[in-house]
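Enquirer: Sequence below, structure please.
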Amino acid sequence: MSHYQRIACLSTEAVETLYALGAEDVIAGISGFTVRPPRAREEKTKISGFSSTNLERILAVEPDLVIGFCDMQADICRDLVKAGIEVHQFNQRTVDGILRMIAVLAALVQREEAGKLLIASLRADIAAAQARAMSWTRKPVIYFEEWNDPLMSGIGWAAELIAIAGGTDAFPELSRQPGAKERIIADSRDVAARAPDIILASWCGKKFQPSQLAARPGWDAIPAVKNQMLFEIKSPDILSPGPAAITEGLRQISDIIARWQHLQEQQT
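Expert: Predicted structure coming up:
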């Protein structure tokens, strides 16, 4: 065979994408954080966490290719290369980057046509959300909280999806920063000062506590808090830069903005 036959996936979006391409037969191992599709957790060997993993567990599945993601997996990918394993390290931080990742994965497993169909479907989802947003006259300011201690604003593709759905990111200067440390908001009053209309939270595997958020000093004056426009988007639906960020995350953001638009109509 001319394409890879035993791919070890260290990130969830690679697993989701290969299944969506009909190439699940080439997956030799998956991240323990994989949730999509649900059957992957039953069918595939779990070989890694996300930022911490064991080289021997990966080598045990005899991969001919390892798919990694972002700087947090750079060290393990370096060690794999030293061990003689081929590695493709993705680092997509934008919606276009997600679509490009899909095209590259499709090429790596010779599923180019399936890749084109998947990308076209996702572009249609994006276009539908944009068309829906065109009918709204106001753009809500949206604060996306990726972590609560310390406060951390949302990453690039999350901010892009907010814009696609018809919102305005409250911290655009932070969303452009690829590193988590660069997106920390040191003073919670900075969020209050931006007066977001909607607050979205995705605490990366930890359950969102809206009452805890609303109790922060000065936050009772935030429009989102006053109007109870506080929503959780589960981290697998938005924080993994793969198809689900568009099929699930974008859809949820669009629906939340629609609720806010309806509230505005009622209040005027």
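Enquirer: Could you count how many residues lie near residue 186?
Expert: Summarising burial for residue 186: neighbours were counted as other CB atoms under 10 Å, giving 8. Glycine gets a C-beta too; all of them are placed from N, C-alpha and C.
Enquirer: check contacts around it.
Expert: Counting by CB atoms under 8 Å, 6 or more residues apart in numbering, residue 186 touches 150, 151.
Enquirer: And it, how far from residue 209?
Expert: 21 Å (CB to CB, to the nearest Å).
Enquirer: Let me see the ranges of the strands in the stretch 51-200 of the chain.
Expert: 65-69, 87-90, 141-148, 151-153, 168-169, 184-185, 198-201 (DSSP state E, counting those that start in this stretch).
Enquirer: With mean neighbour count added, can I get the ones you listed in JSON lines?
Expert: As requested, the strands of the stretch 51-200 of the chain are exported to JSON lines (neighbours: other CB atoms under 10 Å):
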{"stretch": "strand 65-69", "mean neighbour count": "25"}
{"stretch": "strand 87-90", "mean neighbour count": "19"}
{"stretch": "strand 141-148", "mean neighbour count": "23"}
{"stretch": "strand 151-153", "mean neighbour count": "22"}
{"stretch": "strand 168-169", "mean neighbour count": "20"}
{"stretch": "strand 184-185", "mean neighbour count": "17"}
{"stretch": "strand 198-201", "mean neighbour count": "25"}
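Enquirer: These into a markdown table, with extra columns for mean pLDDT and distance to residue 101?
Expert: Below are the strands of the stretch 51-200 of the chain laid out as a markdown table (pLDDT from 0 to 100; distance: least, CB to CB, whole Å):
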| stretch | mean pLDDT | distance to residue 101 |
| --- | --- | --- |
| strand 65-69 | 95 | 9 |
| strand 87-90 | 95 | 5 |
| strand 141-148 | 95 | 20 |
| strand 151-153 | 94 | 23 |
| strand 168-169 | 97 | 22 |
| strand 184-185 | 95 | 26 |
| strand 198-201 | 97 | 23 |
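Enquirer: May I see the ones you listed arranged in TSV, with distance to residue 45 as well?
Expert: Conversion of these to TSV gives the following (distance: least, CB to CB, whole Å):
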stretch	distance to residue 45
strand 65-69	13
strand 87-90	18
strand 141-148	29
strand 151-153	32
strand 168-169	39
strand 184-185	35
strand 198-201	33
